[in-house]
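**Q** Show me the folded form of this:
(one chain, ligands or ions: 1)
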Amino acid sequence: MSAVLGISGTYHDAAAALVVDGHVVAAIQEERLSRHKNDPRLPFHAAEACLAYAGLAAAALDRVVFYEQPFDKLERVLVSTLEVFPRSLRQFPRAMASQLGDKLWVMDQLAERLGVDRAKVTAVEHHRAHAASALFVSPYERAAVLTVDGVGESVSTGLWRGDGRELTPLGRIEYPHSLGLLYAGLTAYLGFEVNEGEYKVMGLAAYGEPRFRDELAKLIRVEPDGWFELDLSYFGKLANADLGFGPKLEGLLGPRRPPYAPWDLSTERDQRYADIAATLQLVTEDTLLALAREAQRRTGFDALCLAGGVALNAVANARLAKEAGFRRVFVQPAAGDAGGALGAAILGALELGDPRPGPLATAALGLPADASAAMALASELGFSVKRSDDIHTVIAERITRGEIIALCTGRFEWGPRALGQRSILADPRDPDSRERLNRAIKRREPFRPFAPAVLADAAARYFPGAPDDMTPFMTTVCPCPDQAFAAVRHVDGTARVQTVTTATPALYAILEAMRAQSGHPVVLNTSFNGAGEPIIASEVDALAFLLSHPIDGLVVDDVLITKRPG
Ligand SMILES: [Fe+2]
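**A** So this is what the prediction gives:
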């Protein structure tokens with residue numbers, strides 16, 4: 001039996017995960033504690049928080065496992081930079097600085113800063129960490145596993161056979177051929193920030209027609225078995241890391257969209273960008289589908305696990321579940337690079353002889369909220385504070401009458417989705433709530449949808465196809481035929497639904513109260529954060545948000561806090 005800490009970081013979205021005796025005890029992204037969105041720095045806050053939660057000293061760790069091989073990554077960066085010399089001359093010092101400096105000595109730094117014997121610090125391959133993060137917390141003993149991201153050390157796409165404790169590689173595609181980079185390049189072309197704007201492209205795609213297939217066929221050539229190749233002359237990633245695409249792409253698709261310009265989809269110009277987004281989404285889905293079908297043929301298994309940043313594409317995941325030939329599909333909540341910390345920790349634990357963890361029941365793997373501390377601070381700030389035995393009924397009543405309530409309860413979530421521990425809740429049938437949320441709180445582009453949460457036992461009635469293995473973690477979309485749920489229904493008639501069971505106790509109780517009051521156990525659930533900020537972690541973050549945003553109330557566990565009595 002052992003205690004293993006997994007670490008991801010230095011590229012983007014750093015995280016730590018702690019596995020003790022084969023159980024996932026805690027998993028935390030650094031950004032939640034440092035309050036820097038997608039914080040890439042080595043996650044010492046998160047590591048300390050995981051250990052503190054478990055009541056463990058760092059000296060008690062049997063192993064610290066980093067989520068990629070630093071030397072292999074350095075070699076890839078050097079080789080790919082030198083290959084395009086001298087075009088990459090300007091880029092070269094930057095690429096070197098990002099790899100030398102702190103990054104190369106990451107294992108030494110981890111040992112030193114954590115206070116762990118250097119011999120206990122090891123590393124695993126990046127895509128193996130992704131694959132492990134999905135398979136070993138999935139509900140499946142055996143599954144095909146597909147890992148798809150921008151790039152790890154050198155691999156961008158991996159196909160695996162997962163059986164019990166074993167992960168066997170079946171195939172790989174190497175950088176710079178990468179679906180993640182294709183998506184990132186066009187995300188930048190469409191004027192969004194890479195590693196952050198991919199969700200926006202996915203939302204925008206629903207407003208467009210995929211009429212640029214011939215053009216995109218020039219960018220990526222896909223074999224029937226899913227193996228693909230990019231035409232690198234369109235991508236500037238090597239020569240200009242800020243853009244991710246080259247001038248030839250603008251020759252093909254027209255001028256790039258200026259970043260930060262407000263969107264107006266009634267204009268021909270923005271409609272064209274929406275059509276490009278729709279085509280990119282379709283090409284991504286078709287490529288993933290071909291890869292997944294190949295994975296099914298090669299393994300003969302009836303379950304698929306997905307990981308890597310591309311697996312956060314909920315619309316593509318829904319198509320895979322329907323069309324790839326698998327009976328079941330699973331994507332764990334932190335499918336991106338943060339999730340590598342979880343995979344690394346589990347791989348370390350398995351190597352030390354621990355059992356495989358059970359299926360992930362909840363994403364609430366962070367630190368708990370402290371209601372008493374919230375009460376004391378809220379009183380000091382002059383807020384109205386009320387503790388209630390029946391807080392869930394109070395929340396449901398307020399939401400049903402059109403209020404927007406922020407919820408900070410239990411341990412915060414693992415992964416980019418708020419799943420009922422750090423959520424802002426509103427009436428899913430009230431388009432005004434959506435407007436208020438967008439305008440005053442989230443300040444998002446008008447085409448970005450809000451998501452619903454629904455009781456799992458009633459899900460099929462509102463969202464045909466739900467629940468499945470992905471809906472508890474909001475990593476897929478389902479049809480939403482009832483137009484009454486206007487605030488959570490995307491323009492294409494789908495919703496990124498979360499199904500809720502007693503594994504998420506507070507949200508479960510709120511939805512039960514919603515059912516009793518309105519007949520519908522459905523609520524609008526969006527992440528509890530301001531524009532461009534990481535999701536709230538502590539009750540202090542939550543109170544700071546209440547101070548600065550026009551929400552109607554904040555609930556910390558069983559305490560309702562409002563700016564004015566009422
Ligand atoms: Fe990755």
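**Q** count of residues packed around Arg387?
**A** Here the number of neighbours of Arg387 (other Cβ atoms under 10 Å) works out to 13. In this view, the C-beta of every residue, glycine as well, is placed from N, C-alpha and C.
**Q** Could you pull up the residues touching the residue in the stretch 1-150 of the chain that the ion sits nearest to?
**A** Nearest residue of the stretch 1-150 of the chain to the ion: Asp149, at 3.5 Å (Cβ to the ion). By Cβ atoms under 8 Å, 6 or more residues apart in numbering, Asp149 lies in contact with His127, His130, Ser156, Ser178, Gly180, Gly308, Gly309, Val310, Gly336, Asp337.
**Q** Can you lay out those residues as a markdown table showing secondary structure and distance to the ion?
**A** As requested, the contacts of Asp149 are exported to a markdown table (DSSP: H, G, I helix; E, B strand; the rest coil; distance: Cβ to the ion, whole Å):
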| residue | secondary structure | distance to the ion |
| --- | --- | --- |
| His127 | helix | 7 |
| His130 | helix | 6 |
| Ser156 | strand | 9 |
| Ser178 | coil | 10 |
| Gly180 | helix | 8 |
| Gly308 | coil | 5 |
| Gly309 | helix | 6 |
| Val310 | helix | 9 |
| Gly336 | coil | 7 |
| Asp337 | coil | 4 |
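**Q** Let me have those in CSV, extended by pLDDT and neighbour count.
**A** Formatted as CSV, these follow (pLDDT from 0 to 100; neighbours: other Cβ atoms under 10 Å):
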residue, pLDDT, neighbour count
His127, 97, 31
His130, 98, 37
Ser156, 93, 26
Ser178, 91, 25
Gly180, 88, 22
Gly308, 96, 31
Gly309, 93, 24
Val310, 94, 27
Gly336, 95, 28
Asp337, 95, 31
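**Q** Roughly how far does the residue of the stretch 1-150 of the chain closest to the ion sit from Arg356?
**A** 23 Å (Cβ to Cβ, to the nearest Å).
**Q** now do Val559
**A** Taking Cβ to Cβ, one finds Val559 at 39 Å from Arg356.
**Q** So between the two, which is more surrounded?
**A** Legend: neighbour count by other Cβ under 10 Å for Val559 and Arg356, higher for Val559 (21 against 16).
**Q** Report the separation between Ile561 and the ion.
**A** Distance, Ile561 to the ion, using Cβ to the ion, to the nearest Å: 39 Å.
**Q** Could you name the specific helix or strand carrying that residue?
**A** Assigned by DSSP states H and E, Ile561 belongs to strand 559-562.
**Q** Tell me which strands that strand pairs with, and in which orientation.
**A** With DSSP bridges as the test, strand 559-562 is paired with strand 384-387 (antiparallel), strand 553-556 (antiparallel).
**Q** buried stuff in the last one?
**A** What it means is strand 553-556. Using 16 or more other Cβ atoms under 10 Å as the test for burial, strand 553-556 gives Gly553, Leu554, Val555, Val556.
**Q** returning to what we had before: export the contacts of Asp149 to a markdown table and tack on distance to Gly251?
**A** What follows is the contacts of Asp149, written out as a markdown table (distance: Cβ to Cβ, whole Å):
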| residue | distance to Gly251 |
| --- | --- |
| His127 | 33 |
| His130 | 35 |
| Ser156 | 25 |
| Ser178 | 22 |
| Gly180 | 23 |
| Gly308 | 30 |
| Gly309 | 28 |
| Val310 | 26 |
| Gly336 | 32 |
| Asp337 | 32 |
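**Q** what's the farthest-apart pair in the buried residues of strand 553-556?
**A** Gly553 and Val556 (10.6 Å; Cβ to Cβ).
**Q** Spell out which residues belonging to this structure are near the ion, please.
**A** Applying Cβ under 5 Å from the ion, one finds that the chain approaches the ion through Asp149, Asp337.
**Q** Show me the longest helix that occurs in the chain.
**A** Longest helix in the chain, counting residues (DSSP state H): helix 268-299.
**Q** got the buried residues for it?
**A** For helix 268-299, by 16+ other Cβ under 10 Å, it's 270, 272-296, 299.
**Q** what does stretch 541-558 give?
**A** Neighbour-count burial for stretch 541-558 flags 541-546, 549, 551-558 (criterion: 16+ other Cβ under 10 Å).
**Q** hang on, the earlier thing: not counting sequence-adjacent ones, nearest residue to the residue of the stretch 1-150 of the chain closest to the ion?
**A** Nearest non-adjacent residue to Asp149, counting by Cβ to Cβ, 6 or more residues apart in numbering: Gly308, 3.5 Å away.
**Q** thinking Gly553 is in contact with Arg401, fair?
**A** No: the pair Gly553 / Arg401 is not scored as a contact, 11.7 Å apart, by Cβ atoms under 8 Å.
**Q** Please convert the strands paired with strand 559-562 to TSV, extending it with mean pLDDT.
**A** TSV is the format used below for those (pLDDT from 0 to 100):
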stretch	mean pLDDT
strand 384-387	96
strand 553-556	98
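**Q** With respect to Leu230, which of the ones you listed lies nearest?
**A** Closest to Leu230 of the strands paired with strand 559-562, according to Cβ to Cβ: strand 553-556, at 46.7 Å.
**Q** Each with direction, which strands does the helix or strand just after the longest helix of the chain pair with?
**A** Past helix 268-299, further along toward the C-terminus, the next helix or strand under DSSP H and E is strand 303-307. Strand 303-307 sits in its sheet next to strand 142-148 (parallel), strand 328-331 (parallel), going by DSSP bridges.
**Q** Setting the sequence-adjacent residues aside, check what's closest to Val331.
**A** That would be Thr475: by Cβ to Cβ, 6+ apart, it lies 3.9 Å from Val331.
**Q** Next one: the one you found from the ion, what distance?
**A** Noted for Thr475: a distance of 16 Å to the ion, by Cβ to the ion.
**Q** can you check Arg293 too?
**A** Distance, Arg293 to the ion, using Cβ to the ion: 23 Å.
**Q** what's that residue in contact with, if anything?
**A** Residues counted as contacts of Arg293 (Cβ under 8 Å, 6+ apart) are Gly226, Ala324, Gly325.
**Q** filter the residues you listed to the buried ones?
**A** Buried by 16+ other Cβ under 10 Å: Gly226, Ala324, out of these.
**Q** residue closest to the middle of the protein?
**A** The residue lying closest to the centre of the chain (Cα atoms, centre = their mean) is Pro416, at 3.8 Å.
**Q** Please list all residues in contact with that residue.
**A** Counting by Cβ under 8 Å, 6+ apart, Pro416 touches Leu312, Pro333, Ala334, Gly336, Ser527.
**Q** Output the below-cut-off pLDDT ranges for the stretch 51-200 of the chain.
**A** 73-104 (pLDDT under 70).
**Q** just the helices in it please.
**A** 70-83, 92-99, 101-104, 106-114, 126-135, 179-189, 198-205 (DSSP state H, counting those that start in this stretch).
**Q** sec struct for Ala453, please.
**A** Under DSSP: H, G, I helix; E, B strand; the rest coil, the three-state class of Ala453 is strand.
**Q** angle of the longest helix of the chain against strand 303-307?
**A** Inter-element angle recorded for helix 268-299 and strand 303-307: 130 degrees (by axes from the mean of the first three to the mean of the last three Cα atoms, to 10 degrees).
**Q** Give the rounded mean pLDDT of helix 268-299.
**A** Mean pLDDT, computed over helix 268-299, is 97.
**Q** re the thing from before, can you tell me which of the buried residues of stretch 541-558 is closest to Trp263?
**A** Of all the buried residues of stretch 541-558, His549 has the smallest distance to Trp263: 22.6 Å, by Cβ to Cβ.
**Q** Identify the residue nearest the closest one in space, chain neighbours excluded?
**A** Leaving aside its sequence neighbours, His549 sits nearest to Ile441 (Cβ to Cβ, 6+ apart; 5.3 Å).
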